[in-house]
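Peer 1: Only the shape, not the letters, is given here:
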């Protein structure tokens, strides 16, 4: 089974667009601010794609572009400006940041109720403590959980193996799966005999940035394989961390690259923008399960 993130994203766009329209008819204008410092090419693409998606859905999107020599103090002042702006519901600072800026300081500066990326220590703490209140979480793991639910892949009782321990994907992904009842194993660059772990996974999540790291022999037959990688091969072709052509012959379900996880990451960002808009305007949300 091919887990088609692009198709699911398009499907969710329809309901989100209707939701935005209904909010606007009530005089509520969902608004997202994205701040980008410097000229990192990948970041420019990501920001452009986020902006296009927001506009498509009717969400007001503000992009604040600043030069690579922008100071930490200047960035903090800009964040504070939008923290104080009650018309803004989500603030996102695109990573990576130039070396003169401390990422952890910037993440902490974003108002908790506008932390649309779910990176603040407080929101991460809620995730790892399995809080049942509403809070944003990292968008890629959130998108993966949405895909699993849509394709009726229930993590409860399953063994999930995470390859990669980043704060953006690996760590929050494991927490979400643990909260959903999975038994979770984390692996990373220092893990010895990686394949001995990946071959036991009912659900295998790979987020390393190493092209074609995972081969068919590394996968348990029938497993669900989620490839978060966005890499380039020797010919410049976009590929994942999983050797898709090999893996699809073994896996029970698999995400392609491109067209798998990527579209759902941006969709999750828009979903969380709408959730924060509703919270700010005292509108009801779906119950947390």
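Peer 2: The structure has been received and is ready for your questions. All values reported here derive from a predicted model rather than from experimental measurement.

Peer 1: mind checking how far residue 165 is from residue 65?
Peer 2: 31 Å (Cβ to Cβ, to the nearest Å). All C-beta atoms are positioned from the backbone trio N, CA, C, and that covers glycine.

Peer 1: An error on my part: the question was meant for residue 107.
Peer 2: Residue 107 is 20 Å from residue 65, by Cβ to Cβ.

Peer 1: the helices in the stretch 151-289 of the chain, which residues?
Peer 2: Using DSSP state H, counting those that start in this stretch, the helices of the stretch 151-289 of the chain run over 170-179, 194-198, 244-247, 261-280.

Peer 1: Quick check: which of those is nearest to residue 75?
Peer 2: helix 261-280 (20.1 Å; Cβ to Cβ).

Peer 1: pLDDT of the closest one, averaged?
Peer 2: Confidence for helix 261-280, expressed as mean pLDDT, is 97.

Peer 1: I'd like the numbering to begin with 158 instead of 1 from here.
Peer 2: All set: I'll call the first residue 158, so the last point we hit is now helix 418-437.

Peer 1: So which elements touch it?
Peer 2: Using 3 or more Cβ pairs under 8 Å, 6 or more residues apart in numbering; DSSP states H and E, the elements in contact with helix 418-437 are helix 162-182, strand 188-194, helix 198-214, strand 247-250, helix 296-307.

Peer 1: With mean pLDDT and distance to residue 437 as extra columns, can I get the ones you listed in a markdown table?
Peer 2: Formatted as a markdown table, those follow (pLDDT from 0 to 100; distance: least, Cβ to Cβ, whole Å):
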| stretch | mean pLDDT | distance to residue 437 |
| --- | --- | --- |
| helix 162-182 | 97 | 11 |
| strand 188-194 | 98 | 10 |
| helix 198-214 | 94 | 17 |
| strand 247-250 | 98 | 10 |
| helix 296-307 | 98 | 19 |
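
Peer 1: Let's have those in JSON lines, adding mean neighbour count and distance to residue 345.
Peer 2: Shown next, in JSON lines, are the helices and strands packed on helix 418-437 (neighbours: other Cβ atoms under 10 Å; distance: least, Cβ to Cβ, whole Å):
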{"stretch": "helix 162-182", "mean neighbour count": "16", "distance to residue 345": "24"}
{"stretch": "strand 188-194", "mean neighbour count": "24", "distance to residue 345": "28"}
{"stretch": "helix 198-214", "mean neighbour count": "16", "distance to residue 345": "22"}
{"stretch": "strand 247-250", "mean neighbour count": "25", "distance to residue 345": "25"}
{"stretch": "helix 296-307", "mean neighbour count": "23", "distance to residue 345": "16"}
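
Peer 1: and of those, who's closest to residue 433?
Peer 2: strand 247-250 (5.3 Å).

Peer 1: Quick one: mean pLDDT over the next helix or strand after the closest one.
Peer 2: As assigned by DSSP states H and E, the chain's next helix or strand after strand 247-250 is helix 260-266. The predicted model gives helix 260-266 an average pLDDT of 97.

Peer 1: between the helix or strand just after helix 260-266 and helix 327-336, what angle do the directions make?
Peer 2: Where DSSP H and E defines the elements, the next helix or strand beyond helix 260-266 is helix 278-285. With axes from the mean of the first three to the mean of the last three Cα atoms, to 10 degrees applied, the angle from helix 278-285 to helix 327-336 works out at 40 degrees.
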